[in-house]
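1. Here's my sequence, what's the structure:
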Amino acid sequence: MHPRIHAQNFPEKAAVIMADTAQTVTYRELEERANRGARALRALGLCSGDTLALASDNRAEIFDIYWAAQRAGLILVPLSARLKTDEISYIVNDSEAKALVVSDALAGTVREVAAHREAMPGLVHIVTIGAVAGHLDWLVLCSVQASSPIDDEQIGGRMAYSSGTTGRPKGIRFAPGSGTPIQPNPGAQLFGRLYGVGADTVYLSPAPLYHSAPLGFTAGIQALGGTTVVMPKFEPEKFLSAIEQYGITAVMVVPTMFIRLLRLPQDVRNRYDLSPLKRVIHAAAPCPIPVKHAMIDWLGPIIDEFYAGSEGNGHVTISSEEWLRKPGSVGRAVIGEIHICDDDGNELPVGETGTIYFGGGKPFRYHNDPAKTKATQNALNPDWTTMGDVGSVDDDGYLFLSDRKDFMIISGGVNIYPQEVENLLLSHPAVADAAVFGVPHPDFGEEVKAVIQPAHWAAASDTLAQELIGWCRERLADVKCPRSIDFEKELPRAETGKLYKKELKDRYWPAS
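-> Next up is the predicted model:
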């Protein structure tokens, strides 16, 4: 259950392969690189319990740093490579990071952060992965360290920050455990048990590793002794090619990747041998029912879905077989118990829609923000916590998501959940992406607005807008349908598929 054990048992097995270059890091090399990394962190003055921030494109060195931090007792904070200087400053300060490691692919970010160093008084070091003038190079620092373990090894922790779709990102700090880092990994054990992965797994990661699930899953595969294949970024045909080239047996994706795969020409989809693939896992955003049906028809009943968050307070999962019986469900809880509650905290009957709470799961708190932490707690049962989503459960305990509570539209006293409308619009062949939200209305408070990314920009027109509005009205209650549609060449989404709806919505609401 740790790369060191696998380095001893099968040293020349591939731990990491970069899909674009076939660069390979064996378990022996990963162990040596992680030990050098731990020594480099000590040379920087970082001690057990300190915080280390990391911003990088997808590259093999991420795992050196991850496993170095995990054996040096550090709290690792992955940062999105897309963050601006003020966003980085906020997280560095909030997390109390003493060192920031940044990839040389983000050299412009390095220079901007360095120029605003005074805004981060607790930051002692800025280190780059690769040469950036004026900065200490992580690769050079590690090259002069011994490859043996440090004397004071201690298991590390991590700290995840939300993507900040509704304001400043929130930090969830998971403190280090006690004792040696060479111990069973509960997260990897659960991952292996739920999804049937282990030492024989060849796992493809097409998403940015600075997000919680991609980093957690790839590190989990390494804890189990499998091989992780990492794409620099998701590209539909290269994704299929990697499955064939590397004999991929498991992969985790997000629904927007499904949509892009399904839009490949049929002859391209048929060009690659996908027979090694035994497990496809998806999460992070709602998946339209027709899209998932199409993926199961293509790949077979090998698709698992889960619903969870960085908070770790609950985990819900569903297999293809279950989903075909319960289309649209995200499954039943395997961590925590689901409670659907009204705005006063009262538990609602089966089938009614309300805020989703988890009870009996892992407690969490938002770092330096007791008010936000308290806001997640049920008013009547403070041990029940929510991630802000709305949904219902059926008689068999299967959870169905409606939307985020923050995005609910109230029009003339009627509650409207945008996700339902977005899923319908995404099933139209002229639509590549869709965002639905409320905009001000003088009589009803809000009315429904859709912003569409068309499959072909040349088609964006009033004619298409009216066609889509009419198409929705044929399939949904009139009150749920968009009253107007605007077009954008590309909607703002994170690589995880999460839609930055607030960014769009703010354009239509007057500043308060």
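2. Settle this for me: Gly388 is touching Arg404, isn't it.
-> Yes - if you go by C-beta atoms under 8 Å, Gly388 and Arg404 touch, sitting 5.5 Å apart. Any C-beta I mention is one placed from the backbone N, CA and C, and that applies to glycine too.
3. Could you give me the buried positions within the helix or strand of the chain with the lowest mean pLDDT?
-> Every helix and strand of the chain was ranked by mean pLDDT, DSSP states H and E. The lowest is strand 414-416, at a mean of 80. Burial within strand 414-416, assessed by neighbour count using 16 or more other C-beta atoms under 10 Å, is assigned to Ile416.
4. what do you get for stretch 119-137?
-> Met120, Leu123, His125, Ile126, Val127, Thr128, Ile129, Gly130, Val132, His135.
5. quick check, nearest of these to Thr228?
-> Proximity of these to Thr228 (C-beta to C-beta) peaks at Ile129, which lies at 18.1 Å.
6. Can you pull the poorly scored residue ranges out of the protein?
-> The model of the chain has pLDDT under 70 over residues 163-167, 495-496, 511-512.
7. per-domain residue ranges of it.
-> Domain segmentation of the chain under automatic domain parsing yields 28-182, 408-505.
8. What's the local residue count around Pro418?
-> 25 (other C-beta atoms under 10 Å).
9. Pretty sure Asp406 is one of the things it touches, is it not?
-> No - taking C-beta under 8 Å as the definition, Pro418 is not a contact partner of Asp406, at 10.6 Å.
10. Could you pull up the contacting residues of Pro169?
-> Glu87, Tyr90, Ile91, Tyr161, Ser162, Ser163 (C-beta atoms under 8 Å, 6 or more residues apart in numbering).
11. again but with His6, I slipped
-> Lys13, Ala15, Tyr27, Ala199, Gln222, Gly225.
12. got a list of what the last one touches?
-> Read that as Gly225. Counted by C-beta under 8 Å, 6+ apart, Gly225 has contacts Ile5, His6, Asn9, Phe10, Lys13, Tyr27, Gly198, Ala199.
13. Quick check: the third one vs Phe174, distance?
-> Just to be clear, that refers to Asn9. For Asn9, the distance to Phe174 equals 28 Å [C-beta to C-beta, to the nearest Å].
14. Give me the more crowded residue out of these two.
-> Applying other C-beta under 10 Å to Asn9 and Phe174 shows that Phe174 carries more neighbours, namely 16 against 11.
15. Name the helix or strand for the residue lying closest to Asn313 once chain neighbours are set aside, please.
-> Nearest residue to Asn313, sequence neighbours excluded (C-beta to C-beta, 6 or more residues apart in numbering): Gly361, at 4.2 Å. Here Gly361, judged by DSSP states H and E, is contained in no helix and no strand.
16. From Ile338, how far off is Gly361?
-> As defined by C-beta to C-beta, Gly361 lies at a distance of 10 Å from Ile338.
17. Over to Tyr90?
-> Counting by C-beta to C-beta - Tyr90 and Ile338 are separated by 33 Å.
18. so what secondary structure elements neighbour the longest helix belonging to the chain?
-> Taking DSSP state H as the criterion, the chain has its longest helix at helix 27-43. Helices and strands touching helix 27-43, by 3 or more C-beta pairs under 8 Å, 6 or more residues apart in numbering; DSSP states H and E, are helix 3-9, strand 14-18, helix 61-71, helix 138-143.
19. Which of the ones you listed has the highest mean neighbour count?
-> A comparison of the helices and strands packed on helix 27-43 by mean neighbour count, using mean count of other C-beta atoms under 10 Å, puts helix 61-71 on top with a mean of 25.
20. For the stretch 301-450 of the chain, which segments count as strands?
-> 303-308, 315-318, 332-335, 337-341, 354-359, 389-393, 399-404, 409-411, 414-416, 431-441, 445-454 (DSSP state E, counting those that start in this stretch).
21. what's the angle from the host helix or strand of Thr463 to strand 431-441?
-> For Thr463, the element it lies in under DSSP H and E is helix 462-473. Computed by axes from the mean of the first three to the mean of the last three C-alpha atoms, to 10 degrees, the angle separating helix 462-473 from strand 431-441 equals 80 degrees.
22. Need the contact partners of helix 462-473.
-> 421, 424-425, 428, 430-431, 450, 452, 454, 480-487.
23. Go again with 7 Å.
-> Contact with helix 462-473 is made by Val421, Leu424, Leu425, His428, Ala430, Ile452, Pro454, Cys481, Pro482, Ile485, as judged by C-beta atoms under 7 Å, 6 or more residues apart in numbering.
24. Among these, the buried ones, what's the ChimeraX command?
-> The ChimeraX command for the buried members of these (criterion: 16+ other C-beta under 10 Å) is given here:
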select :421,424,425,428,452,454,481,482,485
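25. Show me which of the contacts of helix 462-473 is closest to Ser275.
-> His428 (32.3 Å).
26. the helices in the stretch 101-250 of the chain, which residues?
-> 107-115, 138-143, 186-195, 212-224, 236-246 (DSSP state H, counting those that start in this stretch).
27. For Tyr203, which of these is the nearest?
-> Of the helices of the stretch 101-250 of the chain, the one closest to Tyr203 (C-beta to C-beta) turns out to be helix 212-224, at 4.6 Å.
28. and that closest one, which residues are buried?
-> For helix 212-224, by 16+ other C-beta under 10 Å, it's 212-224.
29. got it, and stretch 321-336?
-> Neighbour-count burial for stretch 321-336 [16+ other C-beta under 10 Å]: Glu322, Trp323, Lys326, Ser329, Val330, Gly331, Arg332, Ala333, Ile335, Gly336.
30. Nearest residue to the last one in space, please, no chain neighbours.
-> Pointing back at Gly336 there. Nearest to Gly336 is Gly361, by C-beta to C-beta, 6+ apart, at 3.1 Å.
31. For that neighbour, grab the count of nearby residues.
-> Using other C-beta under 10 Å: Gly361 sits among 20 other residues.
32. cool, Gly445 as well?
-> Around Gly445 there are 14 residues (other C-beta under 10 Å).
33. thought it was touching Ile409?
-> No - applying C-beta atoms under 7 Å as the test, Gly445 and Ile409 come out as separate, 9.0 Å apart.
34. what's the longest helix of the chain in contact with?
-> In contact with helix 27-43 (C-beta under 7 Å, 6+ apart) are residues 3-4, 6-7, 10-13, 15-16, 52, 63-65, 67-68, 71-72, 74, 138, 141-142, 145-150.
35. Can I get it in PDB? Just the C-alpha atoms.
-> Provided in PDB are the C-alpha atoms of helix 27-43 (Å, rounded to 0.1, in the frame of the first residue of the first chain):
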ATOM      1  CA  TYR A  27       8.800   2.400  -8.900                       C
ATOM      2  CA  ARG A  28      12.500   2.300  -8.100                       C
ATOM      3  CA  GLU A  29      13.000   5.700  -9.700                       C
ATOM      4  CA  LEU A  30       9.800   7.100  -8.000                       C
ATOM      5  CA  GLU A  31      11.100   6.000  -4.600                       C
ATOM      6  CA  GLU A  32      14.500   7.600  -5.200                       C
ATOM      7  CA  ARG A  33      13.000  10.800  -6.500                       C
ATOM      8  CA  ALA A  34      10.600  11.100  -3.600                       C
ATOM      9  CA  ASN A  35      13.400  10.600  -1.100                       C
ATOM     10  CA  ARG A  36      15.500  13.300  -2.800                       C
ATOM     11  CA  GLY A  37      12.400  15.500  -2.800                       C
ATOM     12  CA  ALA A  38      11.900  15.000   0.900                       C
ATOM     13  CA  ARG A  39      15.500  15.900   1.600                       C
ATOM     14  CA  ALA A  40      15.200  19.000  -0.600                       C
ATOM     15  CA  LEU A  41      12.100  20.100   1.400                       C
ATOM     16  CA  ARG A  42      14.100  19.700   4.600                       C
ATOM     17  CA  ALA A  43      16.900  21.700   3.000                       C
END
